[in-house]
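Engineer: just coords:
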DNA sequence: TACATTTCGTACCTATAGTTACGAAACTAA
DNA sequence: TTAGTTTCGTAACTATAGGTACGAAATGTA
């Protein structure tokens, strides 16, 4: 079995970018701030319709600075999606990774999905689903990231479903891959309805209808 | 109650554009051919990413000719969507408007949705759902058309469901508006999965899962 | 102080997409 | 034939977006 080294030896392999004896003009571009700004712009609008210059303005960065940091439009979008993907993956893991009963997890999933976005201070809808719908309008890096996140989502659902099956909590004989696709599709639908302006209450009813047959 | 005039008197009110004593250079632009060409381009690709010039090339029309006919990019898209909407509305009516039992209609709906597109010689996915996902990237005319078609769809489902309810074929106590939204969402999901490359077989399983609880 | 190094950001370049000005072309009517 | 009418399509215009050349600025080092 693979024996991992202690974490801090990694720094000898991949030099950690802390503060290597700083020379030259100090960097002022705040990578994380740019990422957050871009994320919000993409999320709140159509991700393909936000020009780089707008992100620069809102983040208080210059265009060349942004290109130095992310390489290209494609690179920026990939980075943003990376950050976003990590976030939603964690949020989903809080539910699917917990050991609560399958039924309760479904309820929690619905609750999380229809949570009021004004309270959370984030836009309606889901950036990932919005970008999946526009997959072929992006560059290769972003496309690959989209595909990876899609695969990751499905795996997360699959593991959860398999666990429920082995616990005897998954009653029907629906194959795991179908069920995983089903969950992903339902949440995706909900996110799109939310973006269309449908009330979270109504979306909740739709979701409960969708999961009626699974419990 | 409103008494409508005989149809042919309309021609006195709204002059029918048949062959009014033709003067000037004869028109060569084939409106329907341009519409069909544009429809296929939008359907097969991202509707927001097909330049007018490409449609002109493929349809063998000139750009000014196209603008004379449709007024603008927005006008062309509205016209295309109008034609497309009529088509899918009719196809859906063949199923929902028939008097077959609710169960059978659901089966037919699934069959129609997962029908092989190479056989039908049309692209995967659904143009209307693709455009709904990009709603705010379009001009006002197209936006309005999108909204109208969405409303029409929901109404079509609602009438069908209400009829099933009054026939005693709709077993659950799900409200009509929720159920209509549910059908629309499921078909939308299916269309998106198809566009993502998921097999029609798998999509069929997902749809059958979705409608399990409704019969 | 002078030099090496690194980043900064103004001002540009380039490509593309929507849109149109305008003169030529093709027809009817007188 | 000539005048009037309508459409045609080449060749522009304009705006916008992604991307970058390059000199200035800000630091450490000799």
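Structural biologist: Arrived safely, thanks for sending. Owing to the predicted nature of the structure, the values given are computational and were not obtained by experimental measurement.
Engineer: do you know how far residue A:92 is from residue A:40?
Structural biologist: For residue A:92, the distance to residue A:40 equals 21 Å [C-beta to C-beta, to the nearest Å]. (Glycine included, C-beta is placed from N, CA and C.)
Engineer: buried ones in the helix or strand containing residue A:207?
Structural biologist: Assigned by DSSP states H and E, residue A:207 falls within helix A:200-211. For helix A:200-211, a neighbour-count test (16 or more other C-beta atoms under 10 Å in any protein chain shown) marks A:200, A:202, A:203, A:204, A:205, A:206, A:207, A:209, A:210, A:211 as buried.
Engineer: The most centrally placed residue in chain A: what's it in contact with?
Structural biologist: Note on chain A: the residue nearest the mean C-alpha position is residue A:85, at 2.7 Å, using C-alpha atoms, centre = their mean. Residues in contact with residue A:85, defined by C-beta atoms under 8 Å, 6 or more residues apart in numbering or on different chains, are A:128, A:145, A:148, A:149, A:152.
Engineer: so of those, which ones are in helices?
Structural biologist: By the criterion of DSSP state H, membership of the contacts of residue A:85 in helices covers A:128, A:145, A:148, A:149, A:152.
Engineer: Give me the buried entries from those residues.
Structural biologist: Of the ones in helices among the contacts of residue A:85, these count as buried by 16+ other C-beta under 10 Å: A:128, A:145, A:149.
Engineer: Closest one to residue B:26 out of those, please.
Structural biologist: Set against residue B:26, the nearest of these by C-beta to C-beta is residue A:128 (52.7 Å).
Engineer: check contacts around the residue nearest to the closest one when sequence neighbours are not counted.
Structural biologist: In space, residue A:128 comes closest to residue A:149 once its chain neighbours are excluded; the distance is 5.8 Å by C-beta to C-beta, 6 or more residues apart in numbering or on different chains. Shown in contact with residue A:149 (C-beta under 8 Å, 6+ apart): A:81, A:85, A:89, A:128.
Engineer: so of the residues you listed, which ones are in helices?
Structural biologist: A:81, A:85, A:89, A:128.
Engineer: Can you read off the pLDDT for the third one?
Structural biologist: Right, the one you point to is residue A:89. We have a pLDDT of 98 for residue A:89.
Engineer: touching chain B at all, stretch A:105-118?
Structural biologist: No - counting by C-beta under 8 Å from any C-beta of the partner chain, chain B has no neighbours in stretch A:105-118; the shortest distance is 13.0 Å.
Engineer: Also stretch A:29-43?
Structural biologist: No - Stretch A:29-43 lies apart from chain B when judged by C-beta under 8 Å from any C-beta; the minimum separation is 13.4 Å.
Engineer: How about that stretch and DNA strand C, touching?
Structural biologist: Yes - looking at stretch A:29-43 against DNA strand C by C-beta under 7 Å from any atom of the strand, the contacts come from residue A:29.
Engineer: Show me which residues of chain A sit near DNA strand C.
Structural biologist: A:23-29, A:61-65, A:68.
Engineer: For the residue nearest to residue A:52 when sequence neighbours are not counted, give its distance to residue B:53.
Structural biologist: Of all residues not flanking residue A:52 in the chain, residue A:73 sits nearest, at 5.9 Å (C-beta to C-beta, 6+ apart). Counting by C-beta to C-beta, the gap from residue A:73 to residue B:53 is 23 Å.
Engineer: ok, those two, which is more surrounded?
Structural biologist: residue A:73 (17 against 10; other C-beta atoms under 10 Å in any protein chain shown).
Engineer: correct me, but that one touches residue A:137?
Structural biologist: No - using C-beta atoms under 8 Å, residue A:73 makes no contact with residue A:137, being 11.3 Å away.
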